[in-house]
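>>> Coordinates for the following, if possible.
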Amino acid sequence: MKAFLNELKRINTRSKGRRWLYVSYDQLSDEIGPLSRESPRDLGIVLIESSWKPRRRPYHKQKLALVVANLRHFALEQAARGVAVKYVFSRESFGSALRPLAGELGAMRVMEPAERELRVDLEQAKREGILETIPNEGWLTDLDQFKESLRGRSWRMDSFYRAVRKDSGVLMKKDAPLGGKFSFDAANRLPWKGEPEAPTPPRFKPDPITMEVRDLILTKYARHPGKLDPAMLPATRRDAERLWTWAENRCMRFFGPYEDAMSVRERGLFHTRTSGMLNLGRLPAGRVLDDVLGLDIPIQSKEGFARQVLGWREFVRHVHTATDGFRNYGGRKSPKARAPGDGGWSHRTRTPWRPTEGRGLDGGACPNFLGSNGSLPPAYWGLESGLACLDTVVASVWDEAYSHHITRLMILSSLATMLDVSPRELTDWFWVAYQDAFDWVVEPNVLGMGTFATGNLMTTKPYVSGAAYINKMSDYCAECRFHPARDCPITHLYWAFLARKEKRIRRIPRFGQVLAGLARRSESKKKEDARVFRRLRSILAGGEKAAPRTLYR
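Got it, this is the predicted structure:
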């Protein structure tokens, strides 16, 4: 870290007489909060690089590098503005690392962190008067809007989204939505056949500071999974802006129509790949939304992006906060994991993971509406499964710590749900594997939506599908040893799932039609469904590769 420390020492300013702000790892912006409006020469910031966080879970190397590289570059960027920077290296938790600074700096302010885990860690410092919490200005909606929009209704994103569209005037003309619809989701389901040409993501030239971070991760965190490519790391403010310019110019026009498409030829298609930068605060959500609204692009792409940023992203944050991370909802409390899970890392490597502990912290809520408790197959850790869809998406995850949201939902979550994988273990895997995964976003997406572990709290049905959907929305099946219409086991998994969970889902209105289809399915087909489910699960659990001759023998 010599290059970083030398540069910080060279440009840093005197710290006396400053008002101090602790900036968490998910607030790396001077476009919001005190940094956006108070004089840099009156402010000091504390940034903490702690090994406590990466020791809690075996996070993807690329994710660790993204956070640390942005933290260090943000420190230098703020020092160059005239802000005094105190950069702290610690093995302790963030709250513990702040306490020794109180005597020197006095009380500090902090914008409320997005991640519940960090908020709990900071509680003791708040009680001791070390920290004063101020509102997080990175969000686009507040709790009152959430409560008001859903008053007397079920917790549904659509109701919330319509309300905040009306409140904000986004894509509205008086009280009517532009284009005549609040959602163009039905029009945003085109499969991609190779045209229009999908853009190639930008690569970044790593500077000496980013290369120091690479070396740190590859040595200190060598046990962690995944590849690390520093040229895929947007680490500086300039990198973040370049990524966003690429997204505006190359992705947004076709983002809407091909939002749900999947391809083995182009991993990201027209998705902007900006979620990591949004969740670190590098690209403030309000600004990127405004930028997209000002683009000369089709309404369905504007609305599709607004639905993700103003709608779903805000909605899941409120749900996670209102339920205390699903620990308490619907008048009942969920069981909790005693310690952070590793998403199956220890099972895959046969090496125990010993997570760091924290005051008041557990391993997360364990809702389980469908009663699934199986282990995650080794295929999610890179062993080939024989299913081209799963293997393609998993490869992109361990290469880049990224895949777009439909692959997460309709491949990774859908298959795990139909294989009866524990929702908590799958959630931990997502938290470990994805560069943009923090508790407030990954838990609602996986526990609430992907696995239906919270029942119909925030979604109307489990998101599972057979081979026909995958074949329609992707080109994965052309690369597979199984044929989607003849012998793909995913269709059997779908019907076997419905049969096993029928008693639990029969009261869900949106499953009436498919359960009627299940009732018409012959007993011989149901027995074959169950047999294929058991056989495929056994093959994958053993780390073997499924093939028609072994699955149907």
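
>>> only C-alpha atoms for contact and neighbour calcs from this point on.
Fine.

>>> List the contacts of the closest residue to Leu280 other than its chain neighbours.
Nearest residue to Leu280, sequence neighbours excluded (C-alpha to C-alpha, 6 or more residues apart in numbering): Asp26, at 4.0 Å. For Asp26, the contact set (C-alpha atoms under 8 Å, 6 or more residues apart in numbering) comprises 113-114, 279-281.

>>> Show residues contacting the helix or strand Lys126 falls within.
Using DSSP states H and E, the element containing Lys126 is helix 116-127. Contacts with helix 116-127, where a contact means C-alpha under 8 Å, 6+ apart, come from 93-96, 98-99, 112-113, 131-133, 321, 325, 358-361, 439-440.

>>> which residues of this structure fall in strands?
Per DSSP state E, the chain carries strands over the ranges 19-22, 43-50, 84-90, 108-111, 131-134, 172-173, 176-177, 328-329, 332-333.

>>> among these, which gets the worst mean confidence?
Here the lowest mean pLDDT among those goes to strand 332-333, at a mean of 87.

>>> Which pLDDT value goes with the residue nearest to Ala337 when sequence neighbours are not counted?
Counting by C-alpha to C-alpha, 6+ apart, Ala337 lies nearest to Gly363, which is 4.5 Å off, once chain neighbours are set aside. With respect to pLDDT, Gly363 scores 97.

>>> shift numbering so it begins at 56
With 56 as the first residue, the last one maps to Gly418.

>>> Please report the distance of Gly418 from Asp397.
To Asp397, Gly418 is 10 Å away according to C-alpha to C-alpha, to the nearest Å.

>>> Quick check: Lys527 touching Pro246?
Yes - if you go by C-alpha atoms under 8 Å, Lys527 and Pro246 touch, sitting 6.8 Å apart.

>>> Rounded mean pLDDT for stretch 339-354, please.
Averaged across stretch 339-354, the pLDDT comes to 97.

>>> just the helices in the stretch 106-255 of the chain please.
Here the stretch 106-255 of the chain has its helices, by DSSP state H, counting those that start in this stretch, at 107-111, 116-136, 149-153, 157-160, 171-182, 198-204, 212-223.

>>> can you list contacts of the fourth one?
Meaning helix 157-160. Under the contact criterion C-alpha under 8 Å, 6+ apart, helix 157-160 has outside partners 75, 163, 185.

>>> in it, what counts as buried?
For helix 157-160, the neighbour count (16 or more other C-alpha atoms under 10 Å) marks Leu160 as buried.

>>> CA atoms of stretch 443-459 as CSV?
Extracted in CSV, the C-alpha atoms of stretch 443-459 (Å, rounded to 0.1, in the frame of the first residue of the first chain):
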residue,chain,number,x,y,z
ALA,A,443,-25.8,-25.3,-20.2
CYS,A,444,-28.0,-22.5,-18.7
LEU,A,445,-26.7,-23.1,-15.1
ASP,A,446,-23.0,-23.6,-16.1
THR,A,447,-23.0,-20.5,-18.4
VAL,A,448,-24.3,-18.2,-15.7
VAL,A,449,-22.2,-19.7,-12.9
ALA,A,450,-19.1,-19.2,-15.1
SER,A,451,-19.9,-15.5,-15.5
VAL,A,452,-20.4,-15.1,-11.8
TRP,A,453,-17.0,-16.5,-10.9
ASP,A,454,-15.3,-14.7,-13.7
GLU,A,455,-16.8,-11.2,-13.0
ALA,A,456,-18.8,-11.3,-9.7
TYR,A,457,-21.7,-10.4,-11.9
SER,A,458,-24.6,-11.6,-14.1
HIS,A,459,-27.7,-9.6,-14.9
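
>>> What mean pLDDT does it get?
Taken as a whole, stretch 443-459 has a mean pLDDT of 98.

>>> mind checking how far that stretch is from the chain centre?
Offset of stretch 443-459 from its chain centre (C-alpha atoms, centre = their mean, to the nearest Å): 14 Å.

>>> got a list of contacts for it?
By C-alpha under 8 Å, 6+ apart, the surrounding residues in contact with stretch 443-459 are 115, 117-118, 280-284, 287, 319, 322-323, 326, 328, 434-437, 439-440, 462, 466-467, 488-491, 525, 531-532, 534-536.

>>> ok, back up a step: the more surrounded of Gly418 and Asp397?
With neighbours defined as other C-alpha atoms under 10 Å, Gly418 and Asp397 compare such that Asp397 has more, 25 against 18.

>>> distance of the more buried one from Ser430?
Distance from Asp397 to Ser430, by C-alpha to C-alpha: 12 Å.

>>> what touches both of those two?
Listed as contacting both Asp397 and Ser430 by C-alpha under 8 Å, 6+ apart are Glu480.

>>> thinking again about what came up before, export the strands of the chain to TSV and tack on mean neighbour count and distance to Phe424?
Shown next, in TSV, are the strands of the chain (neighbours: other C-alpha atoms under 10 Å; distance: least, C-alpha to C-alpha, whole Å):
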stretch	mean neighbour count	distance to Phe424
strand 74-77	21	39
strand 98-105	22	36
strand 139-145	19	40
strand 163-166	22	35
strand 186-189	18	35
strand 227-228	14	38
strand 231-232	16	36
strand 383-384	16	13
strand 387-388	12	12
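
>>> Which of those strands sits closest to Arg541?
Nearest of the strands of the chain to Arg541, taken as C-alpha to C-alpha: strand 383-384 at 42.8 Å.

>>> Paired strands for that closest one, with orientation please.
Strand pairing for strand 383-384, determined by DSSP bridges: strand 387-388 (antiparallel).

>>> that older thread, give me whichever of the helices of the stretch 106-255 of the chain is most buried.
helix 116-136 (a mean of 23; mean count of other C-alpha atoms under 10 Å).

>>> Could you list the alpha-carbon positions for that one in CSV?
Only the C-alpha atoms of helix 116-136 are listed here, as CSV (Å, rounded to 0.1, in the frame of the first residue of the first chain):
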residue,chain,number,x,y,z
LYS,A,116,-12.0,-11.5,-4.9
GLN,A,117,-13.4,-9.1,-7.5
LYS,A,118,-16.0,-7.8,-5.0
LEU,A,119,-13.3,-7.2,-2.3
ALA,A,120,-11.1,-5.4,-4.8
LEU,A,121,-14.0,-3.2,-6.0
VAL,A,122,-14.8,-2.0,-2.5
VAL,A,123,-11.2,-1.5,-1.4
ALA,A,124,-10.0,0.2,-4.6
ASN,A,125,-12.9,2.6,-4.5
LEU,A,126,-12.4,3.3,-0.8
ARG,A,127,-8.8,4.2,-1.4
HIS,A,128,-9.4,6.3,-4.5
PHE,A,129,-12.3,8.1,-2.8
ALA,A,130,-9.9,9.0,0.0
LEU,A,131,-7.5,10.6,-2.5
GLU,A,132,-10.2,12.4,-4.4
GLN,A,133,-11.5,14.0,-1.2
ALA,A,134,-8.1,14.9,0.0
ALA,A,135,-7.5,16.6,-3.4
ARG,A,136,-10.6,18.7,-2.7
